[in-house]
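Chemist: mind looking at a prediction? Sequence and model below.
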Amino acid sequence: MPDFVGAIDQGTTSTRFMIFDHGGNEIARHQLEHQQILPQAGWVEHNPTEIWERTRAVIQTALNKADLTAADLAALGITNQRETTLVWNRRTGRPYYNAIVWQDTRTDRIAAALDRDGRGEVIRRKAGLPPATYFSGGKIQWILENVEGVAEAAEAGEAIFGTTDTWIVWNLTGGPDGGVHVTDPTNASRTMLMNLETLDWDDELLSFFGVPRAMLPEIKPSSTPEPYGLTQRLGPLGGEVPISGILGDQQAATVGQVCFAPGEAKNTYGTGNFLLLNTGNELVRSKNGLLTTVCYQFGSEKPVYALEGSIAVTGSAVQWLRDQLGIISGASQSESLARQVEDNGGVYFVPAFSGLFAPYWRSDARGAIVGLSRFNTNAHLARATLESICYQTRDVVEAMRQDSGVTLDVLRVDGGVTANELCMQLQADILGVPVSKPVVAETTALGAAYAAGLAVGFWESTDELKQNWNEDRRWQPEWSGDQRETGYAGWKKAVSRTLDWVDVP
């Protein structure tokens with residue numbers, strides 16, 4: 001068997017390809033950003049063709065860096081930004097419209113209508129999700145209703161839908177020339193169209209959005225010994241490699257963090273924050289604003305479920321300081337600037353740019369900076385930005401405790417923001433529990449590699465994967481209990497100021 005496994009990590013701001021060895025060690029990587037298209041307020045789009053071109057480029061460059069070829073890869077796994085919605089022509093491969101990104105809020109009227117007439121409760125019960133702009137179903141409906149010719153093409157079986165995993169697999173396996181149209185339960189469970197119990201598309205849910213079943217990809221396990229397909233020789237890998245693992249990015253990070261036991265949790269800090277708690281084979285329905293989602297399904301085993309707290313804006317709030325305000329020149333400077341002050345100086349920043357996700361689910365909310373006085377500086381704003389990442393995480397942890405009864409002993413963390421040591425210390429302080437970071441911080445790509453490698457026997461079992469996990473750094477809480485609760489009370493007050501800002505019909 002070849003010595004390595006490859007993983008495509010197609011994210012919100014970039015696409016990367018990583019190569020891992022049997023010990024879960026990184027051998028090579030390459031990463032390229034893609035354009036964020038912002039046609040109007042609340043709209044966020046990506047160019048599907050650009051994403052595919054970037055995918056081809058990062059694969060080839062990473063292989064070249066490691067002096068490897070396709071023959072050196074035992075399998076290929078894919079992980080992806082979830083919910084981002086693409087519709088394209090199965091005969092030509094041409095997208096009908098840009099990809100509508102998970103952050104996009106143009107479907108707020110669709111989501112509000114679902115909740116007004118009772119369909120929302122059916123979606124909560126069957127799909128485990130609240131009606132929200134976040135998920136794919138409303139985005140598909142918007143494309144069907146607003147892009148000329150798509151509705152007719154969908155009925156004829158020519159217009160097909162996918163999240164970015166589906167788009168990449170379809171192109172890697174031949175595109176218009178026999179491309180495989182598949183997804184896995186972790187991605188399908190983010191559409192509002194899949195029944196969590198049957199792991200299949202649900203006709204009643206499809207009817208709510210007017211989505212023809214013929215548009216939808218086949219749902220296959222997240223890790224499958226019978227690969228979804230083989231990469232085509234004309235593709236960027238230059239040879240036939242089995243594609244045997246697909247996981248949505250946050251579920252992939254959960255696998256990469258080897259959270260295989262019920263009660264284990266991880267938090268990924270990227271564009272947004274995503275905290276997942278493994279609930280095993282039990283489907284726990286949230287009463288406190290969390291999502292019930294599929295964590296993974298390996299082969300013929302029963303699906304493993306999770307409770308998830310999805311937070312829209314965390315790392316992207318730091319990007320906002322850089323790109324829109326210009327008070328830092330790079331993400332790392334947010335730490336040095338925030339260290340210039342001892343506390344937030346009474347300033348709270350709630351970055352509700354796309355409304356508030358878990359546990360509030362308020363599309364009427366918008367960002368607010370509160371508590372300003374003449375005393376405050378850009379350093380206070382930088383610190384308030386880092387604290388907003390941590391306070392939003394605490395909101396989710398509190399909801400998880402209420403839903404599951406689980407009190408965290410430690411929070412495993414990963415993603416780009418974990419490089420910010422002040423932010424991780426603040427996270428431990430605000431939560432009151434230790435925060436642990438693994439040696440391999442790129443757990444999203446690693447999880448996709450694990451799913452693919454398990455399928456082909458590159459790794460024997462999840463027990464073997466656990467042996468690969470090693471701690472790199474641990475942050476212990478330093479705040480007093482009073483300091484923690486006073487700070488959190490201020491945060492809750494700040495959140496209340498963001499609500500009812502946008503009128504949602």
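Modeler: Thanks, I have the structure now.
Chemist: gap between whichever strand or helix holds Ala252 and the chain center?
Modeler: Secondary structure assigned from DSSP states H and E places Ala252 in helix 249-256. Remark: helix 249-256 is offset 9 Å from the chain centroid, using CA atoms, centre = their mean, to the nearest Å.
Chemist: so what secondary structure elements neighbour that helix?
Modeler: Where contact means 3 or more CB pairs under 8 Å, 6 or more residues apart in numbering; DSSP states H and E, helix 249-256 is packed against strand 73-80, strand 265-269, strand 273-280, strand 291-296, strand 304-311, helix 443-456. In short, each C-beta sits where N, CA and C put it, glycine included.
Chemist: cutoff 7 Å now
Modeler: Identification of packing neighbours for helix 249-256 by 3 or more CB pairs under 7 Å, 6 or more residues apart in numbering; DSSP states H and E yields strand 73-80, strand 265-269, strand 273-280, strand 291-296, helix 443-456.
Chemist: by how many degrees do that helix and strand 304-311 diverge?
Modeler: Here the directions of helix 249-256 and strand 304-311 differ by 120 degrees (axes from the mean of the first three to the mean of the last three CA atoms, to 10 degrees).
Chemist: what's the average pLDDT for whichever strand or helix holds Glu145?
Modeler: Secondary structure from DSSP H and E places Glu145 in helix 136-146. Mean pLDDT, helix 136-146: 97.
Chemist: ends of stretch 490-502, what's the gap?
Modeler: Its start and end residues considered, stretch 490-502 measures 23 Å (CA to CA, to the nearest Å).
Chemist: neighbouring contacts of that stretch?
Modeler: Residues lying outside stretch 490-502 but in contact with it, judged by CB atoms under 7 Å, 6 or more residues apart in numbering, are Tyr348, Val350, Ala352, Leu356, Arg362, Asp364, Ala365, Arg366, Gly367, Ala368, Val370, Tyr391.
Chemist: need those residues in a markdown table with pLDDT, distance to Leu446 and secondary structure, can you?
Modeler: A markdown table is the format used below for these (pLDDT from 0 to 100; distance: CB to CB, whole Å; DSSP: H, G, I helix; E, B strand; the rest coil):
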| residue | pLDDT | distance to Leu446 | secondary structure |
| --- | --- | --- | --- |
| Tyr348 | 97 | 35 | strand |
| Val350 | 96 | 32 | strand |
| Ala352 | 93 | 31 | coil |
| Leu356 | 91 | 30 | strand |
| Arg362 | 89 | 34 | strand |
| Asp364 | 88 | 38 | coil |
| Ala365 | 92 | 34 | coil |
| Arg366 | 94 | 36 | coil |
| Gly367 | 94 | 33 | coil |
| Ala368 | 95 | 37 | strand |
| Val370 | 96 | 39 | strand |
| Tyr391 | 97 | 28 | helix |
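Chemist: pretty sure Val58 is touching Met18, no?
Modeler: No: because the distance of 9.1 Å does not satisfy CB atoms under 7 Å, Val58 is recorded as not touching Met18.
Chemist: so what pLDDT did Gly235 get?
Modeler: In this model, Gly235 is scored at 61, pLDDT.
Chemist: ok so Asp9 is a strand residue?
Modeler: Yes: going by DSSP: H, G, I helix; E, B strand; the rest coil, the assignment for Asp9 places it inside a strand.
Chemist: what is the burial count for it?
Modeler: 27 (other CB atoms under 10 Å).
Chemist: isn't it right up against Leu446?
Modeler: No: Asp9 lies out of contact with Leu446 (CB under 7 Å); the separation is 9.4 Å.
Chemist: return the backbone torsion pair for the nearest residue to Val180 once chain neighbours are set aside.
Modeler: Nearest residue to Val180, sequence neighbours excluded (CB to CB, 6 or more residues apart in numbering): Gly229, at 3.9 Å. In this entry, Gly229 is assigned phi and psi values of phi 180, psi 180 (degrees, to the nearest 10).
Chemist: any idea how far Val241 is from Gly229?
Modeler: In this structure, Gly229 and Val241 are 10 Å apart, going by CB to CB, to the nearest Å.
Chemist: could you do Ala338 as well?
Modeler: To Val241, Ala338 is 44 Å away according to CB to CB.
Chemist: element containing the most far-flung residue of the chain relative to its centre?
Modeler: In the chain, Arg374 marks the outermost C-alpha relative to the chain mean, sitting 38.3 Å out by CA atoms, centre = their mean. Counting by DSSP H and E, there is no helix or strand that carries Arg374.
Chemist: and the pLDDT for it?
Modeler: At Arg374 the predicted local distance difference test score is 95.
Chemist: Arg56 now?
Modeler: Taking Arg56 on its own, its pLDDT is 92.
Chemist: shaky segments in the stretch 251-400 of the chain?
Modeler: Residues of the stretch 251-400 of the chain that meet the criterion pLDDT under 70 are absent altogether.
Chemist: picking that back up, I'd like the next helix or strand past the helix holding Glu145.
Modeler: helix 150-155.
Chemist: buried residues in that next one?
Modeler: Taking 16 or more other CB atoms under 10 Å as the basis for neighbour counts, the residues of helix 150-155 that come out buried are Val150, Ala151, Ala153, Ala154.
Chemist: quick one, strands of the stretch 51-200 of the chain?
Modeler: Read by DSSP state E, counting those that start in this stretch, the stretch 51-200 of the chain holds these strands, from start to end of the chain: 73-80, 86-89, 99-100, 159-162, 182-183, 194-195, 200-201.
Chemist: need the winner for burial among those strands.
Modeler: Neighbour counts averaged per stretch over the strands of the stretch 51-200 of the chain are highest for strand 73-80, at a mean of 28; criterion: mean count of other CB atoms under 10 Å.
Chemist: same for that strand, what does it pack against?
Modeler: Against strand 73-80 (3+ CB pairs under 7 Å, 6+ apart) you get strand 4-10, helix 164-172, strand 242-248, helix 249-256, helix 443-456.
Chemist: now the last one: mean pLDDT?
Modeler: Mean pLDDT, helix 443-456: 95.
Chemist: just the buried residues of the helix or strand that that helix is followed by, please?
Modeler: Along the chain past helix 443-456, the next helix or strand (assigned with DSSP H and E) turns out to be helix 462-468. Within helix 462-468, the residues that qualify as buried are Leu465, Asn468, counting by 16+ other CB under 10 Å.
Chemist: in the following helix or strand past helix 462-468, what counts as buried?
Modeler: On the C-terminal side of helix 462-468, the closest following helix or strand by DSSP H and E is strand 471-475. Within strand 471-475, the residues that count as buried by 16+ other CB under 10 Å are Trp475.
Chemist: just give me the neighbour total for the closest residue in space to Lys466 that isn't next to it in sequence.
Modeler: Nearest non-adjacent residue to Lys466, counting by CB to CB, 6+ apart: Val258, 4.8 Å away. Number of residues near Val258 (other CB under 10 Å) recorded here: 23.
Chemist: with Leu68 instead?
Modeler: 18.
Chemist: could you measure from it over to Gly229?
Modeler: Counting by CB to CB, the gap from Leu68 to Gly229 is 21 Å.
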